[in-house]
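K.L.:
Sequence and predicted model, in that order:
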Amino acid sequence: MENIRHPKEGEPQDIQRGLAPLEESRDERVIRLGIEQALAEGRAIDDYTARYIAAQLHGGQVSALYSLASTGNIDSAVFTELEADRESFEPHVQGWVDALHGYCQARPSKGPVEGWMRRASEQEHAEDEASGHRDVLAQSPAAGVTTLGQAAVARSNERGKADHDAPDHEDDGPDTFPWDDASSWSPGDPVAEQISERRCTSQELDELFGEQPDEQVGSVDELGWHGLVRHEGRTGGLVLTQDAQGFRSVREAESDQALAQAWTRIQSEYERFCEERDAYERATEEAERAAFDGLRIWVGSLADYVAGRLHGVWMDATCEAEELQAAIRFMLRGSHEEIAEEWGIFDHEGFHGYRLGEYASLSTVSRIAQGIAEHGEAYAKWVEFIGTERDELLSDESFNDHYLGRFDSTEAYIENLLEECEDYEYLEQLPEHLKPYVKIDTEMMARDYESELYVVEEEGGGVFVFDMRG
């Protein structure tokens, strides 16, 4: 295809085809194979490969490439985004850009593709079945994960039943082994290679799970129960796992180092789970009540939304940003989708007309909510006026420096100002026969002052007055 970059003279073959040199990740392998097949058949890349490339190149949830990766929609801005940083990419990534550019131009229908995420997930599963890929870590190609220039922590609760060949082995259920930080572990990690699934009969499982482990963490109702059993008389040991459905699995470490590393990650993951659970309970305890009259946001899973369902919860917007983030991570754990890491603010209440963006940062949401809780509607009007780009203007100190108060009208503010400045006393000094004929034109003063003040109407009547001269 003419839109796929042609080889340059002297380039190595892998660079010519837009491939990753030397070692490559699973995503890079999928992209490489997709581009190779398209080149061999003289066509544009397929939907599957395009989704992988868009997921790697997008710049965040508001980008057109993110929309392509998550829904299949091809917005005209996709072409602009593809060319924006093209020259800064490695040669093999520039090959991805060319391939995706050609795909977007060649596809007749540019709108969202029904079942886009489901079809991709089914194809991934089919590929894994064909290749025998059973890694505990399922690296996600979904939008927002492991993208170029972004640090991503990919975690998997992927469950796959062990296929036991011996007739006396039974299906022992899913592998629920949790990893704390997938970015620091890979199948090529020398230490990680020393721990693997151990196939056990039902009798062996009963014996292992019936004994008291050396250490244990968690519960079957929350993230699963895990036990540590050290080998006697030799290095290494076992990691036992059981979940709420009763599925049990055993992993064996060949060395003490591998065993300690695996156990540390389990403990870390469970500690994070507890922190997220506690944050979720605090953030949602009151906000879920129908009669709640405070500031709250409804945060939902984008993966579920794309799949045609709503999965989310009301949260107290005045919580600190870190607490909201932890609560959201806990909410995403309950998603109906296998991969759910992106979220959006679908609704909000109590912000007095201020409109939060779907992808507003949690630090901004928290600061605005806390400001409104402290100062009321006036703070919402202040933020609406000055925006959220300059953090210093959102502070209580800045608000108090500029806010002059709430008045029935601008004229009422002028009259209050004249009284505070004791300007009316000058009228008292006039001769008695002139007093009835002399007054201060507060209406004209109000018009003049409004050129230097920010005056905004209150929802229930009246005005808020801000001095913008300082």
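P.N.:
Now that the structure is in, tell me what you want to look at.
K.L.:
Let me see the domain layout of the chain.
P.N.:
13-120, 153-260, 285-375, 393-467 (automatic domain parsing).
K.L.:
Using CSV, lay out these together with distance to residue 270, mean neighbour count and mean pLDDT.
P.N.:
For glycine as for every other residue, the C-beta is placed from the backbone atoms N, C-alpha and C. Output for those, formatted as CSV (distance: least, C-beta to C-beta, whole Å; neighbours: other C-beta atoms under 10 Å; pLDDT from 0 to 100):
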stretch, distance to residue 270, mean neighbour count, mean pLDDT
domain 13-120, 27, 18, 81
domain 153-260, 5, 16, 71
domain 285-375, 13, 19, 92
domain 393-467, 36, 14, 81
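K.L.:
Which among these is found nearest to residue 267?
P.N.:
domain 153-260 (5.6 Å; C-beta to C-beta).
K.L.:
Would you double-check that residue 251 falls in a strand?
P.N.:
Yes: looking at residue 251 with DSSP: H, G, I helix; E, B strand; the rest coil, it is inside a strand.
K.L.:
Relative to residue 273, how far out is the closest residue to it other than its chain neighbours?
P.N.:
Excluding the flanking residues, the one nearest residue 251 by C-beta to C-beta, 6 or more residues apart in numbering is residue 239, at 4.6 Å. Per C-beta to C-beta, to the nearest Å, residue 239 is found 17 Å from residue 273.
K.L.:
likewise residue 407?
P.N.:
Separation of residue 407 from residue 273 (C-beta to C-beta) stands at 52 Å.
K.L.:
do the same with residue 382
P.N.:
39 Å.
K.L.:
what about the two, which has more around it?
P.N.:
The residue with more neighbours, out of residue 382 and residue 273, is residue 382; 24 against 18, by other C-beta atoms under 10 Å.
K.L.:
what's that one in contact with, if anything?
P.N.:
Applying C-beta atoms under 8 Å, 6 or more residues apart in numbering, we find residue 382 in contact with 371, 375, 399, 402-403, 464, 466.
K.L.:
what's the answer for residue 464, then?
P.N.:
Residues in contact with residue 464 (C-beta under 8 Å, 6+ apart) are 377-378, 381-382, 403, 405-406, 455-458.
K.L.:
Inside helices: which ones of the residues you listed?
P.N.:
377-378, 381-382 (DSSP state H).
K.L.:
which one of the residues you listed is nearest residue 367?
P.N.:
Taking C-beta to C-beta as the measure, residue 367 lies nearest residue 382 of the ones in helices among the contacts of residue 464, at 12.0 Å.
K.L.:
Need the pLDDT of the closest one.
P.N.:
The model reports residue 382 with a pLDDT of 93.
K.L.:
Next one: the residue nearest the centre of the chain from residue 335, what distance?
P.N.:
Taking C-alpha atoms, centre = their mean as the criterion, residue 342 is the residue nearest the geometric centre of the chain, at 3.9 Å. Using C-beta to C-beta, one gets 10 Å for the distance from residue 342 to residue 335.
K.L.:
overlap in contacts of those two?
P.N.:
Residues touching both residue 342 and residue 335 (C-beta under 8 Å, 6+ apart): 301, 303.
K.L.:
Quick check: closest non-adjacent residue to residue 440.
P.N.:
With C-beta to C-beta, 6+ apart, the residue lying closest to residue 440 is residue 418, at 6.4 Å.
K.L.:
let me fix that: residue 410
P.N.:
Spatial nearest neighbour of residue 410, excluding adjacent residues (C-beta to C-beta, 6+ apart): residue 446 at 4.1 Å.
K.L.:
Name the residues that touch the helix or strand hosting the one you found?
P.N.:
According to DSSP states H and E, residue 446 maps onto helix 442-449. With C-beta under 8 Å, 6+ apart as the test, helix 442-449 has contacts from 409-411, 413-415, 418.
K.L.:
Now secondary structure and distance to residue 89 too, for those residues, in JSON lines please.
P.N.:
As requested, those are exported to JSON lines (DSSP: H, G, I helix; E, B strand; the rest coil; distance: C-beta to C-beta, whole Å):
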{"residue": "409", "secondary structure": "coil", "distance to residue 89": "59"}
{"residue": "410", "secondary structure": "helix", "distance to residue 89": "56"}
{"residue": "411", "secondary structure": "helix", "distance to residue 89": "61"}
{"residue": "413", "secondary structure": "helix", "distance to residue 89": "57"}
{"residue": "414", "secondary structure": "helix", "distance to residue 89": "60"}
{"residue": "415", "secondary structure": "helix", "distance to residue 89": "64"}
{"residue": "418", "secondary structure": "helix", "distance to residue 89": "65"}
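K.L.:
For the residues you listed, work out which two are farthest apart.
P.N.:
Within the contacts of helix 442-449, 409 and 418 form the most distant pair, 14.2 Å apart (C-beta to C-beta).
K.L.:
With residue 39 as the reference, measure out to the residue nearest to residue 440.
P.N.:
Per C-beta to C-beta, residue 418 is found 80 Å from residue 39.
K.L.:
Outside of the helix or strand where residue 238 lies itself, list whatever touches it.
P.N.:
Here residue 238 is covered by strand 237-242, with elements defined by DSSP H and E. Defining contact as C-beta under 8 Å, 6+ apart, one finds that strand 237-242 is touched by 175-177, 195, 198, 208-209, 213-214, 220, 224-231, 248-253, 256, 259, 262-263, 266.
K.L.:
again, only this time at 7 Å
P.N.:
With contacts defined as C-beta atoms under 7 Å, 6 or more residues apart in numbering, strand 237-242 is touched by 176-177, 198, 208-209, 213, 220, 224-231, 248-253, 259, 262-263.
K.L.:
One more: stretch 400-417?
P.N.:
Under C-beta under 7 Å, 6+ apart, the answer for stretch 400-417 is 378, 382, 442-443, 445-446, 449-450, 455, 458, 462-468, 470.
K.L.:
again with stretch 386-397
P.N.:
Under C-beta under 7 Å, 6+ apart, the answer for stretch 386-397 is 364, 367, 371, 374, 383, 398.
K.L.:
Stretch 263-283 now?
P.N.:
Against stretch 263-283 from outside (C-beta under 7 Å, 6+ apart): 178-180, 215, 217-218, 222-223, 226, 228, 239, 315-316, 319, 323-324, 326-327, 329-331.
K.L.:
let's go with 6 Å and repeat that
P.N.:
178-180, 217-218, 223, 226, 228, 315-316, 319, 323, 326-327, 329-330 (C-beta atoms under 6 Å, 6 or more residues apart in numbering).
K.L.:
Sort out which of those are in strands and list them.
P.N.:
In strands, judged by DSSP state E, the following of the contacts of stretch 263-283 are found: 217-218, 226, 228, 315-316.
K.L.:
quick one: which of those is nearest to residue 99?
P.N.:
residue 315 (40.6 Å).
K.L.:
Would you mind naming the helix or strand containing the residue lying closest to that closest one once chain neighbours are set aside?
P.N.:
Among residues not flanking residue 315 along the chain, residue 283 sits closest, at 4.3 Å (C-beta to C-beta, 6+ apart). Under the criterion of DSSP H and E, residue 283 resides in helix 256-284.
K.L.:
Downstream of that helix, the next helix or strand is which one?
P.N.:
Next along from helix 256-284, by DSSP H and E: strand 296-301.
K.L.:
So what touches the helix or strand just after that following strand?
P.N.:
Next helix or strand after strand 296-301 toward the C-terminus (DSSP H and E): helix 302-306. Helix 302-306 is contacted by residues 70-71, 117, 311, 335-337, 340, 342, 344 when judged by C-beta under 6 Å, 6+ apart.
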